[in-house]
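Chemist: Could you look at this predicted model? Sequence included:
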Amino acid sequence: MPRPNKEDPEILQAALVGLQHSLEGIEERIADLRSRLGGQPATSGGARRVLSAAARRRIAAAQKKRWAAYKAGHSQPAAKAKAPKRRLSAEGRARIVAATKKRWAAFRKAQAAKAAPKAAAKKPAVKAVKTPAVKAVKTPAVKKAAPPPAPVAVAAAPAAE
């Protein structure tokens, strides 16, 4: 019968305790062997060595020297001298301008040739000549007079006694 995939946390906890116990035993054996060899005892933190300032300077100088030697051996070929920038002479510029004008003239001529048959096909419209129109003089219209307002009756005030 297959086992279910679910693992019980208690079983996992027990396995962890067992492995930690084994690890402690192995670390003790390693420390014992190192002490027999005359080496340093096993440390759990891995203490770092402290270098003096003079030692750091010597190491830095040696590293710089190695890099200088590496770069000298692997240097790239010298960059080619850049060609001077080309300049256009006045004569060359004049030739370019003349050729451009010639091309544009040919283009405009071709456009005019295309438009000519279309224009010939259309009948030219007769332009009507505009004659100055005589402005009619408008006489002001006589407005009908509004009837006069009706008289308003005013009540007589009582006489004071």
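Modeler: The structure has been received and is ready for your questions. For clarity, every value in this text was computed on a predicted model and none was experimentally measured.
Chemist: average pLDDT for the top helix by length along the chain?
Modeler: Across the chain, the helix with the greatest residue count (assigned by DSSP state H) is helix 90-121. Averaged over helix 90-121, pLDDT sits at 91.
Chemist: in stretch 23-42, what counts as buried?
Modeler: Using 16 or more other Cβ atoms under 10 Å as the test for burial, stretch 23-42 gives no buried residues. To be clear about C-beta, it is placed using only N, CA and C from the backbone, and glycine gets the same treatment.
Chemist: And for it, what's in contact with it?
Modeler: By Cβ atoms under 8 Å, 6 or more residues apart in numbering, the list of residues contacting stretch 23-42 from outside is empty.
Chemist: again, but for stretch 53-72
Modeler: So stretch 53-72 is in contact with Leu51, going by Cβ under 8 Å, 6+ apart.
Chemist: low-confidence ranges in the protein?
Modeler: By pLDDT under 70, the low-scoring segments of the chain are 1-6, 39-47, 76-79, 119-161.
Chemist: What segments of it are helices?
Modeler: According to DSSP H, the chain carries its helices in the segments 9-37, 53-73, 90-121.
Chemist: Present these as JSON lines; the columns should include distance to Ala81.
Modeler: Shown next, in JSON lines, are the helices of the chain (distance: least, Cβ to Cβ, whole Å):
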{"stretch": "helix 9-37", "distance to Ala81": "64"}
{"stretch": "helix 53-73", "distance to Ala81": "22"}
{"stretch": "helix 90-121", "distance to Ala81": "25"}
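Chemist: wait, which of these is closest to Lys80?
Modeler: With Cβ to Cβ as the criterion, Lys80 lies closest to helix 53-73 of these, at 20.4 Å.
Chemist: That closest one: which residues count as buried?
Modeler: Going by 16+ other Cβ under 10 Å, helix 53-73 has no buried residues at all.
Chemist: Kindly report the same for stretch 83-99.
Modeler: Buried residues in stretch 83-99, counting neighbours by 16+ other Cβ under 10 Å, are absent.
Chemist: Quote the end-to-end distance of it.
Modeler: 28 Å (Cα to Cα, to the nearest Å).
Chemist: Also stretch 80-96?
Modeler: End to end - Cα to Cα - stretch 80-96 spans 32 Å.
Chemist: Next: stretch 71-88.
Modeler: One end of stretch 71-88 to the other measures 42 Å (Cα to Cα).
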